[in-house]
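**Q** Got a predicted model here, sequence first, then my questions.
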Amino acid sequence: MVIILMSMEQPHITAQTAREQLSIGTGKNNTKLLVDTMGTDYAYSSYSGSTTTTDYAARLCDILEYKKDEVTYTDWFLPSKEELNLMYTNLYKNELGDFTGYYYWSSSEYDADGAYLQELSDDNPYGNYRNYYYSVRPVRAFLNDEVCEHTWDEGEVTVEATFYNNGIKTYTCTECHMTKVEIIPILTPEVGKAGPTGGIIFYDCDADNDTGNADGLTSSECLWRYLEAAPADLRIVAGTPTVDSSTEGYSNGSYEIYYGYYRTSDDGDELYVNGTTTYNSSNCTGTAIGTGKKNTELLVGTMGDEAYKYHHTNSNNSEKISDYAARLCDILEYTKDGVTYTDWFLPSLDELNLMNTNLKAKSLGDFESAWYWSSSEDSVGADGALLQFLSSVFQLGYSRSSVYRVRPVRAFI
């Protein structure tokens, strides 16, 4: 139940007011006159009080939206006195329309403090004060589709498409204001374009299959297809790793990340992830595309929550750190469009080179011209790890107690 409101202290709407608009076809204009005059909070909720309300009959009809068969109708209005009587005659008396109220407001004014309503037990409309609660049945006027040759506007994207859900584009007819919708397909991943996290996709292993499968990978075998770089370099802000450049304090966060050493005692020899001082490609980290995730798991699984910060010959050889490159990628969480991604890893050397070739060289991904850590151990010695200078093909092995940048990546199907 709603109320049509305006105190007797307020003037009539215009020279040609809703009071004079009683006939069929005037309801839409009546509603506009009432809403334009009373606005969103001009209607008074009592006969002579000062309290106003937005929930008055004409406005409720004016802002009403109703969706049917993918079409949203927004052209509702409060019926005039004679339009309301037509509903009584053609609907209510024929048991149509599911009318549950007893008295219904019209949009036709009776006088400055009254409006017409109709009791749905007879065809005798009458006027009453506006500060009463009565029922409302909105109506709309329309042309038959055969009469209205729709002229659709350019449309507006009302729901953005994602990698998981379709989007929606809504068009409105400039003639009758009817709307229609068009489904925007789920986004398709593509190298050089934004991925699910907003970072840039830099590799599609199945795309190489068309030219001979040079990398030896297929998504059906490795269970991933695309590699996506994080949206930004990893920084530590307030003790937490982040790749969200909009995070407060990100610009001042630390981007100088240690690699960390693995050994079993403070003064023991540096070891590979296989627990020895000898590199073995079968049980140590690799350099190839597709090995970054496993490399990260091996590094974190071996070094654990803390890695040695310095070489065993350093006077501070007992000092450990939890903020080492592989672990920071492993614990990283990043949320985009309500989805939290936790499947990050430190890229292998060849994956890092792919980011250089497919992203940095094409000015994509907001990379610095700087050294970046890979997850690949240096086969020359367990005290080193491999890195690359992005903007060139220069790669080398260097001491794990050095600090360089990190760009986490993720793989997805």
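**A** That came through fine. Numbering: from 1, shown residues only.

**Q** Can you show me the strands along the stretch 101-250 of the chain?
**A** Counting by DSSP state E, counting those that start in this stretch, the stretch 101-250 of the chain has strands at residues 103-111, 114-119, 126-129, 133-134, 156-159, 167-172, 179-184, 201-204, 226-229, 235-237, 240-242.

**Q** What angle do strand 114-119 and the longest one make with each other?
**A** Pointing back at strand 103-111 there. Relative orientation of strand 103-111 and strand 114-119, computed by axes from the mean of the first three to the mean of the last three Cα atoms, to 10 degrees: 150 degrees.

**Q** Minimum distance to Asp323: which of the strands of the stretch 101-250 of the chain has it?
**A** strand 235-237 (5.9 Å; Cβ to Cβ). (C-beta placed from N, C-alpha, C; glycine too.)

**Q** Name whatever forms a beta bridge with the closest residue to Asn124 other than its chain neighbours.
**A** Of all residues not flanking Asn124 in the chain, Gln118 sits nearest, at 7.7 Å (Cβ to Cβ, 6 or more residues apart in numbering). Using DSSP bridges, the bridge partners assigned to Gln118 are Tyr104.

**Q** Gln118 is in contact with Ser106, isn't it?
**A** Yes: contact between Gln118 and Ser106 holds when scored by Cβ atoms under 8 Å: they sit 6.7 Å apart.

**Q** Identify the contacts common to the two.
**A** Listed contacts common to Gln118 and Ser106 are Lys81, Leu84, Pro125; contacts here mean Cβ atoms under 8 Å, 6 or more residues apart in numbering.

**Q** Quick check: the second one vs Val35, distance?
**A** In this case it means Leu84. 18 Å (Cβ to Cβ, to the nearest Å).

**Q** what about these two, which has more around it?
**A** Of the pair Leu84 and Val35, Leu84 is the one with more neighbours under other Cβ atoms under 10 Å, namely 25 against 22.

**Q** Can you tell me the element the more buried one falls in?
**A** Assigned by DSSP states H and E, Leu84 belongs to helix 81-90.

**Q** do Asp366 as well
**A** Here Asp366 is assigned to no helix or strand, by DSSP H and E.

**Q** Wait, Arg137 touches Met87, no?
**A** Yes: with contact defined as Cβ under 8 Å, Arg137 and Met87 form a contacting pair (6.5 Å).

**Q** list residues touching both of these two?
**A** Shared contacts of Arg137 and Met87 (Cβ under 8 Å, 6+ apart): Pro79, Gly97, Phe99, Tyr104.

**Q** Next, give phi and psi for the first one.
**A** Note on Pro79: backbone dihedrals following degrees, to the nearest 10 are phi -70, psi 150.

**Q** Count the residues that sit near the spatially closest residue to Cys176 that is not a sequence neighbour.
**A** Excluding the flanking residues, the one nearest Cys176 by Cβ to Cβ, 6+ apart is Cys148, at 4.8 Å. Neighbours of Cys148 under the rule other Cβ under 10 Å: 13.

**Q** returning to that earlier point: among Arg137 and Met87, which residue is more densely surrounded?
**A** Ranked by neighbour count (other Cβ under 10 Å), Arg137 and Met87 place Arg137 first, with 22 against 19.

**Q** residues in contact with the nearest residue to the more buried one once chain neighbours are set aside?
**A** Of all residues not flanking Arg137 in the chain, Tyr104 sits nearest, at 5.8 Å (Cβ to Cβ, 6+ apart). Tyr104 makes contacts with Leu84, Met87, Leu117, Gln118, Leu120, Tyr134, Ser135, Val136, Arg137, as judged by Cβ under 8 Å, 6+ apart.

**Q** Which two of those have the greatest separation?
**A** The most widely separated members of these are Met87 and Tyr134, with 14.1 Å between them, by Cβ to Cβ.

**Q** Just the buried residues of the shared contacts of Arg137 and Met87.
**A** The neighbour count (16 or more other Cβ atoms under 10 Å) marks Pro79, Tyr104 as buried among those.

**Q** Just to check, Tyr164 is in contact with Pro189?
**A** No: using Cβ under 8 Å, Tyr164 makes no contact with Pro189, being 11.7 Å away.

**Q** which regions of this protein lie under the pLDDT threshold?
**A** Filtered on pLDDT under 70, the chain yields the residue ranges 1-20, 41-51, 144-147, 209-214.

**Q** And the helix holding Leu84, what does it pack against?
**A** strand 103-111, strand 114-119 (3 or more Cβ pairs under 8 Å, 6 or more residues apart in numbering; DSSP states H and E).

**Q** now what about the last one, what contacts it?
**A** In other words, strand 114-119. Strand 114-119 is contacted from outside by 4, 22, 81, 84-85, 88, 102-110, 124-130, 134, using Cβ under 8 Å, 6+ apart.

**Q** List the buried residues in that strand.
**A** Gly114, Ala115, Tyr116, Leu117, Gln118.

**Q** mind listing the strands for the stretch 251-400 of the chain?
**A** Secondary structure of the stretch 251-400 of the chain, counting by DSSP E, counting those that start in this stretch: strands at 257-258, 307-308, 320-321, 334-336, 339-341, 371-377, 384-389, 395-399.

**Q** Adding mean neighbour count and distance to Asn29, write those strands out as CSV.
**A** Compiled in CSV, the strands of the stretch 251-400 of the chain are given as follows (neighbours: other Cβ atoms under 10 Å; distance: least, Cβ to Cβ, whole Å):
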stretch, mean neighbour count, distance to Asn29
strand 257-258, 23, 68
strand 307-308, 25, 76
strand 320-321, 17, 74
strand 334-336, 16, 48
strand 339-341, 14, 48
strand 371-377, 26, 67
strand 384-389, 22, 71
strand 395-399, 15, 75
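
**Q** So which of those strands is nearest Thr218?
**A** It's strand 371-377; of the strands of the stretch 251-400 of the chain, that one is closest to Thr218 (Cβ to Cβ) at 22.3 Å.
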